[in-house]
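Peer 1: pasting the sequence and the predicted model now:
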Amino acid sequence: MSFFGFGQSVDVDILLNDADSRRRAEHKTEDGKKDKYFLFYDGETVSGKVSLALKNPNKRLEHQGIKVEFIGQIELYYDRGNHHEFVSLVKDLARPGEVTQSQAFDFEFTHVEKPYESYTGQNVKLRYFLRATISRRLNDVVKEMDIVVHTLSTYPELNSSIKMEVGIEDCLHIEFEYNKSKYHLKDVIVGKIYFLLVRIKIKHMEIDIIKRETTGTGPNVYHENDTIAKYEIMDGAPVRGESIPIRLFLAGYELTPTMRDINKKFSVRYYLNLVLIDDEERRYFKQQEVVLWRKGDIVRKSMSHQAAIASQRFEGTTPLGEARTPGPLSDSGNRQCSEKMDKTTTEESAGMDETFALQRRKCA
Amino acid sequence: MSDTAVADTRRLNSKPQDLTDAYGPPSNFLEIDIFNPQTVGVGRARFTTYEVRMRTNLPIFKLKESCVRRRYSDFEWLKNELERDSKIVVPPLPGKALKRQLPFRGDEGIFEESFIEERRQGLEQFINKIAGHPLAQNERCLHMFLQEEAIDRNYVPGKKQLNFSLEAGRQRLTKIFEYSSYTQGKSKSSHSKDGLATL
């Protein structure tokens, strides 16, 4: 298969009908570069032309058929051969025959379902693209055009604050609070840390945003943790009764919405990690999941009618909330609460640094 | 859907701090000094001891002030005990300096002033790092090292909890409610100031 028609006798191009009015969004490619692609939402129609330009106008192009496909697929990096297509639409443009002159073929995929957001991660990629194929006996001519899909949500009905008392018995007790449990991508995390007991010598405190990408199922689950941000919120030693404010603007970081079990293939979840470091570089931390969602922009007049319909489909629905309140929070990855609050070291210690998970304090 | 609203970034309300907490001594006071090295004995049986003085207000230590004399091998003993019994990554001790103990040296070997000072600093760093470690504070060997006159090498290793049995009892009775409340941020805490219930 040859791509881009290089060395072939024909140049193939895919053009969208609304290329002038459609917005583009930046998306990182697998090698870390940022590129702009046309932005689509669920339910929008994808229409355009496949244009064929003969390099040598006198030479005819024989083919076994011309078609265009709209594909949404998940690709796991460790299993590159297998693409999992969750959307696959095809339109035949020409029956087997000849192309004698440069021409363009119209196509339209109406109200295409795009259930998931485009995602390029460390171990998995979810992409949508149009693919035009000119079938030939020896080798096909193929042209692909990637698009980017964003999934939108509205303000969740239920968005309570997260408030918890954690610590190490007789050593360090803090109460942390974050104003919400679900944040949109341009939101601000407002919170505070209140010190109840400080018997260790704290040097500083920071809050990290951790992205955990989970691929695989069953025994082959693989978590890839990535610290997206580290933000120092306190420098110096606090005492009992002090309250340290948190104000963290999410718009400055590269974040995606929380993705849970996408097509049963992968998940992307976000955690706030509160870390206190003492003067001997010992680390005390508490990790807390937060749900991130993408807010739709104000529907402007220039936006296509299609997109207006698409964004209205989300009125009143909260695909992320699931209306399931986490209840007594299960600390992701931390030990469950025990009556006897042991100090524990976790596997995250490296060398001389030691790491302690702050356990939730229960009534005795 | 108020998309045009700017996010509310005002600070969350917090309780004002009690002035005695703000200006009183902090609860994490712990200082250990190693000083006054003295070489005792004669000839081959000489060795150097150091004074280990500790001042603290941590309740886990029985004495708020203590002063004992220890030699290098006592520190080694402590390091071994902690490595065996606890899950701590124990910091390194200053070197054993075996070369300095060989004969026919031009200087005083391990009794050289500069070496003793170097060793003193290393031991001070070591003991401060260890004594502030929450897990090490649970080990009986640390308490014996810091606060008892002599180290009993035949002791029974073990963990040490807060030794004021009354305080421990109070803490068990403490009602500290954790509230990850899912009703619009309303605090349901009835956590009292010091976490102590009245008996």
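Peer 2: Perfect, thanks for sending it.

Peer 1: quick one: low-confidence parts of chain A?
Peer 2: Along chain A, segments meeting pLDDT under 70 span A:1-8, A:298-353, A:362-364.

Peer 1: run the last query once more with 80
Peer 2: Applying pLDDT under 80 to chain A flags residues A:1-8, A:297-354, A:362-364.

Peer 1: assumed residue B:119 was part of a helix.
Peer 2: Yes. Residue B:119 sits within a helix when classified using DSSP: H, G, I helix; E, B strand; the rest coil.

Peer 1: surely it touches residue B:94?
Peer 2: Yes. Between residue B:119 and residue B:94 a contact is recorded at 5.0 Å, counting by CB atoms under 8 Å. (Each C-beta comes from the backbone N, C-alpha and C, glycine too.)

Peer 1: who has more neighbours out of the two?
Peer 2: Between residue B:119 and residue B:94, counting by other CB atoms under 10 Å in any protein chain shown, residue B:119 is the more crowded of the two (23 against 17).

Peer 1: next one: that one from residue B:55, what distance?
Peer 2: 22 Å (CB to CB, to the nearest Å).

Peer 1: what's the pLDDT at the residue nearest to residue B:143 when sequence neighbours are not counted?
Peer 2: The spatial neighbour of residue B:143 that comes closest, neighbours along the chain excluded (CB to CB, 6 or more residues apart in numbering or on different chains), is residue B:160 at 5.9 Å. Residue B:160 carries a pLDDT value of 76.

Peer 1: and what of the one 4 residues further on?
Peer 2: Reading off the confidence values, residue B:164 has pLDDT 46.

Peer 1: mean pLDDT per helix and strand in chain B: which one sits at the bottom?
Peer 2: In chain B, the helix or strand scored least confidently by mean pLDDT, DSSP states H and E is helix B:165-173, which has a mean of 42.

Peer 1: gap between the residue most central in space within chain A and chain B?
Peer 2: Central residue of chain A (CA atoms, centre = their mean): residue A:256, 3.5 Å from the mean position. The spacing between residue A:256 and chain B, counted by CB to the nearest CB, to the nearest Å, is 19 Å.

Peer 1: residue A:265 too?
Peer 2: Counting by CB to the nearest CB, the gap from residue A:265 to chain B is 30 Å.

Peer 1: quick one: contacts for that residue?
Peer 2: By CB atoms under 8 Å, 6 or more residues apart in numbering or on different chains, the contact set of residue A:265 is A:74, A:76, A:84, A:124, A:215.

Peer 1: what strands line up against the one helix or strand the first one maps to, and which way round?
Peer 2: Spelled out, that is residue A:74. Per DSSP states H and E, residue A:74 falls inside strand A:66-76. If you go by DSSP bridges, strand A:66-76 pairs up with strand A:83-94 (antiparallel), strand A:124-134 (antiparallel).

Peer 1: which among those is found nearest to residue A:48?
Peer 2: strand A:124-134 (7.6 Å; CB to CB).

Peer 1: which of the residues in the very next helix or strand once past that closest one are buried?
Peer 2: For strand A:124-134, the succeeding helix or strand toward the C-terminus, using DSSP H and E, is strand A:141-149. Neighbour-count burial for strand A:141-149, counted by 16 or more other CB atoms under 10 Å in any protein chain shown, picks out A:141, A:142, A:143, A:144, A:145, A:147, A:148, A:149.

Peer 1: what's the angle from strand A:141-149 to strand A:124-134?
Peer 2: On the basis of axes from the mean of the first three to the mean of the last three CA atoms, to 10 degrees, strand A:141-149 is oriented at 140 degrees to strand A:124-134.

Peer 1: let's see the following helix or strand past strand A:141-149 as PDB, backbone CA atoms only.
Peer 2: Sequence order places strand A:162-168 as the next helix or strand after strand A:141-149, per DSSP H and E. Written as PDB, here are the backbone C-alpha positions of strand A:162-168 (Å, rounded to 0.1, in the frame of the first residue of the first chain):
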ATOM      1  CA  ILE A 162     -14.300  16.600  48.600                       C
ATOM      2  CA  LYS A 163     -13.400  16.900  52.300                       C
ATOM      3  CA  MET A 164     -11.400  14.400  54.300                       C
ATOM      4  CA  GLU A 165      -9.300  14.100  57.400                       C
ATOM      5  CA  VAL A 166      -6.200  12.000  56.800                       C
ATOM      6  CA  GLY A 167      -2.900  11.500  58.500                       C
ATOM      7  CA  ILE A 168      -0.500   9.300  60.400                       C
END
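
Peer 1: which elements pack onto strand A:162-168?
Peer 2: strand A:172-178, strand A:188-198, strand A:283-293, strand A:359-360 (3 or more CB pairs under 8 Å, 6 or more residues apart in numbering or on different chains; DSSP states H and E).

Peer 1: single out the most deeply packed of these.
Peer 2: strand A:172-178 (a mean of 23; mean count of other CB atoms under 10 Å in any protein chain shown).

Peer 1: and that one, what does it pack onto?
Peer 2: strand A:162-168, strand A:188-198, strand A:266-278, strand A:283-293.

Peer 1: try it again at 6 Å.
Peer 2: strand A:162-168, strand A:188-198 (3 or more CB pairs under 6 Å, 6 or more residues apart in numbering or on different chains; DSSP states H and E).

Peer 1: hmm, the longest one touching chain B?
Peer 2: This means strand A:188-198. Yes. Applying CB under 6 Å from any CB of the partner chain, one finds strand A:188-198 touching chain B at A:188, A:190, A:192, A:198.

Peer 1: related to what we said a few turns ago, surely the residue nearest to residue B:143 and residue B:140 touch.
Peer 2: Yes. Counting by CB atoms under 6 Å, residue B:160 touches residue B:140, with 5.1 Å between them.

Peer 1: now the strands for chain B?
Peer 2: Secondary structure of chain B, counting by DSSP state E: strands at B:30-40, B:47-56, B:65-71.

Peer 1: looking at those strands, which is buried most?
Peer 2: strand B:47-56 comes out most buried of the strands of chain B by mean count of other CB under 10 Å, with a mean of 18.

Peer 1: show residues contacting that one.
Peer 2: The contact list for strand B:47-56, computed with CB atoms under 6 Å, 6 or more residues apart in numbering or on different chains, reads B:29-39, B:41, B:65-71, B:116, B:146.

Peer 1: could you pull up the residues touching residue B:138?
Peer 2: Residue B:138 makes contact with B:159, B:160, according to CB under 6 Å, 6+ apart.

Peer 1: so how far is residue A:27 from it?
Peer 2: Taking CB to CB, one finds residue B:138 at 51 Å from residue A:27.

Peer 1: before we move on, what about residue A:107?
Peer 2: 23 Å.

Peer 1: more neighbours: the two, which one.
Peer 2: Per other CB under 10 Å, whichever of residue A:107 and residue A:27 has more neighbours is residue A:107, with 23 against 20.

Peer 1: next structured bit after the strand or helix carrying the more buried one?
Peer 2: Using DSSP H and E, residue A:107 sits in strand A:103-109. Tracing the chain past strand A:103-109, the next element assigned as helix or strand by DSSP H and E is strand A:119-120.

Peer 1: residues contacting the residue positioned nearest the centre of chain B?
Peer 2: The centroid of chain B falls nearest to residue B:131 when counting by CA atoms, centre = their mean (2.2 Å). Shown in contact with residue B:131 (CB under 6 Å, 6+ apart): residue B:32.
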